[in-house]
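Undergrad: sequence unknown, structure follows:
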Ligand SMILES: NC(=O)C1=CN([C@@H]2O[C@H](COP(=O)(O)OP(=O)(O)OC[C@H]3O[C@@H](n4cnc5c(N)ncnc54)[C@H](O)[C@@H]3O)[C@@H](O)[C@H]2O)C=CC1
Ligand SMILES: CC(C)CC(=O)C(=O)O
Ligand SMILES: [Mg+2]
């Protein structure tokens with residue numbers, strides 16, 4: 001089993017090191033090869049997605065990624081910025097299905113900013129389309145108009161087949177869960193998502209057992225905070241999914257708890273925490289590595305079909321939390337406050 005390990009920038013190397021440690025502790029037949037991406041790719045090869053990194057990712061069964069980005073790259077030409085490397089690897093590998101499970105561990109009920117009765121038992125699967133929408137649509141850019149003022153353009157677009165394939169992922173996952181899908185759009189004002197809604201309705205005819213509902217994204221943002229347990233599987237486009245998943249992470253206690261799997265049609269995947277490179281806390285050994293470690297568990301589940309070891313990792317994370325270990329972002333009174341590295345050690349010890 002070949003894994004490309006792409007630590008990236010900011011806290012990326014710190015958190016990925018913990019996930020690698022946990023994978024190694026399982027003594028599986030894994031070959032892990034590291035390569036630079038994002039700002040690290042730019043520094044090493046003048047490209048946020050160096051050719052060698054892309055080739056390694058293509059030649060591997062799965063990719064484990066930390067995060068990319070740093071404010072110091074904001075002045076670079078757009079195609080050289082770290083985030084473009086991330087978007088490109090997602091597109092090149094055709095990773096259109098991004099699964100972001102928001103699950104509240106009972107031990108963290110006190111870390112959530114919401115009342116325990118609102119979030120306890122939360123188990124929500126957010127499915128975000130990842131290779132289309134306004135992040136990829138053409139035309140895009142900043143240009144100067146005839147009158148001398150500047151104009152910024154991005155284009156929200158989805159075609160029918162892109163909507164259908166992510167819809168299928170959502171319905172298939174719902175069939176294995178509680179048979180409920182909520183499709184989130186803004187069909188009242190955006191034609192792109194009017195089509196999204198039409199296609200979801202047409203597709204639902206193939207899944208008569210699944211209850212399909214629709215919600216506008218502004219209401220969904222509110223309902224996630226008001227009564228998140230009304231949702232089971234939520235499916236949405238790239239930008240809405242990006243925003244709603246960060247919001248949902250707070251129901252679980254921290255953005256440092258939200259893992260993700262980005263899958264192609266054959267379950268080859270890239271696994272990364274849902275958060276970014278957190279430059280504000282990078283290099284201080286205080287980042288929460290659990291989202292990355294839980295992403296490694298998703299890798300075993302979805303790409304390597306190894307449910308037993310995926311559950312082992314998840315249980316080890318639960319055990320470390322039950323033993324009181326907490327990084328700063330999920331710290332509660334009386335906990336055993338540890339750094340990133342020590343949290344990784346606690347998970348390995350629990351394994
Ligand atoms: N997938 C990726 O690689 C992503 C990259 N980015 C990039 O990351 C950089 C920073 O972006 P931000 O908007 O600040 O988002 P961010 O997700 O990096 O950080 C937001 C806040 O959450 C905290 N945080 C994030 N991960 C954490 C963890 N594991 N443990 C504890 N606290 C954590 C940070 O300290 C910060 O206060 C930018 O360059 C951005 O473009 C942003 C989102 C995703
Ligand atoms: C480059 C961004 C689209 C990354 C991000 O915010 C995400 O994937 O959640
Ligand atoms: Mg995001």
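TA: Structure's in. What do you need? Computed from a predicted structure; not experimentally measured. Ligands and ions are numbered 1, 2, ... in the order given.
Undergrad: so how many other residues sit close to whichever residue of the stretch 1-150 of the chain sits closest to ligand 1?
TA: Nearest residue of the stretch 1-150 of the chain to ligand 1 (Cβ to the nearest ligand atom) works out as residue 69 at 2.3 Å. Any C-beta I mention is one placed from the backbone N, CA and C, and that applies to glycine too. Counted with other Cβ atoms under 10 Å, the neighbours of residue 69 add up to 23.
Undergrad: Contacts only, for it.
TA: 8-10, 38-39, 81-83, 276-277, 279 (Cβ atoms under 8 Å, 6 or more residues apart in numbering).
Undergrad: If we use 6 Å, what do you get?
TA: Shown in contact with residue 69 (Cβ atoms under 6 Å, 6 or more residues apart in numbering): 9, 82-83, 276-277.
Undergrad: Among those residues, which ones are in strands?
TA: Secondary structure assignment (DSSP state E) places none of those within strands.
Undergrad: per-residue confidence averaged over stretch 23-32?
TA: What stretch 23-32 shows for mean pLDDT is 97.
Undergrad: Compute the first-to-last residue distance for that stretch.
TA: 10 Å (Cα to Cα, to the nearest Å).
Undergrad: Over to stretch 203-221?
TA: 25 Å.
Undergrad: Can you name the residues of the chain that neighbour ligand 1?
TA: Counting by Cβ under 6 Å from any ligand atom, the residues of the chain close to ligand 1 are 11, 15, 67-70, 83, 86, 255-256, 272, 275-281, 287-288, 291, 329.
Undergrad: How much space separates the residue of the chain most remote from its centre from ligand 2?
TA: Here the chain reaches farthest from its C-alpha mean at residue 147, the gap being 41.5 Å by Cα atoms, centre = their mean. As defined by Cβ to the nearest ligand atom, to the nearest Å, residue 147 lies at a distance of 32 Å from ligand 2.
Undergrad: try residue 167
TA: 20 Å.
Undergrad: Neighbours of the residue of the chain found nearest ligand 2, how many?
TA: Scanning the chain for the residue nearest ligand 2 gives residue 83, at 3.9 Å (criterion: Cβ to the nearest ligand atom). Residues near residue 83, counting by other Cβ under 10 Å, number 17.
Undergrad: and what of residue 334?
TA: Neighbour tally, residue 334, other Cβ under 10 Å: 8.
Undergrad: where does it land in three-state SS?
TA: For residue 334, the assignment made with DSSP: H, G, I helix; E, B strand; the rest coil gives coil.
Undergrad: wait, what's in contact with it?
TA: Counting by Cβ under 6 Å, 6+ apart, residue 334 has no contacts.
Undergrad: what residues does the protein put near ligand 2?
TA: Counting by Cβ under 6 Å from any ligand atom, the residues of the chain near ligand 2 are 83, 86-87, 135, 242, 274.
Undergrad: re earlier: now do the residue of the chain closest to ligand 2 against residue 277, distance only.
TA: According to Cβ to Cβ, to the nearest Å, residue 83 stands 10 Å off from residue 277.
Undergrad: same question, residue 3
TA: According to Cβ to Cβ, residue 3 and residue 277 sit 20 Å apart.
Undergrad: repeat for residue 18
TA: 15 Å.
Undergrad: Kindly report the same for residue 74.
TA: Residue 74 sits 13 Å away from residue 277, going by Cβ to Cβ.
Undergrad: Which one of these two is surrounded by more residues?
TA: residue 277 (26 against 9).
Undergrad: which SS class is residue 32?
TA: With three-state DSSP as the criterion, residue 32 reads strand.
Undergrad: That one contacts residue 7, doesn't it?
TA: No. Contact between residue 32 and residue 7 fails when scored by Cβ atoms under 6 Å: they sit 11.2 Å apart.
Undergrad: neighbour count winner among these two?
TA: residue 7 (27 against 15).
Undergrad: hmm, who's touching the helix or strand where that one lies?
TA: Element membership of residue 7 [criterion: DSSP states H and E] is strand 2-8. With contact meaning Cβ under 6 Å, 6+ apart, strand 2-8 is reached by 13, 16, 30-35, 37-38, 56-57, 60-68.
Undergrad: Mind listing what's buried along it?
TA: By 16 or more other Cβ atoms under 10 Å, the buried positions in strand 2-8 come out as 3-8.
Undergrad: just to revisit the earlier point, helix/strand/coil for the residue farthest from the centre of the chain?
TA: Going by three-state DSSP: residue 147 is coil.
Undergrad: Next up, phi/psi of it, please.
TA: Backbone torsions for residue 147, taken as degrees, to the nearest 10, come to phi -80, psi 0.
Undergrad: confidence score at it?
TA: 97.
Undergrad: gap between it and residue 140?
TA: For residue 147, the distance to residue 140 - Cβ to Cβ - is 21 Å.
Undergrad: what's the burial count for residue 276?
TA: 21.
Undergrad: Identify the residue nearest it in space, chain neighbours excluded?
TA: Distances taken as Cβ to Cβ, 6 or more residues apart in numbering place residue 67 nearest to residue 276, at 5.0 Å, with adjacent residues excluded.
Undergrad: which SS state does the spatially closest residue to residue 95 that is not a sequence neighbour fall under?
TA: For residue 95, ignoring the flanking residues on the chain, the nearest one in space by Cβ to Cβ, 6+ apart is residue 262 at 3.9 Å. Recorded secondary structure, residue 262: strand (three-state DSSP).
Undergrad: Please consider this matter closed, and thank you.
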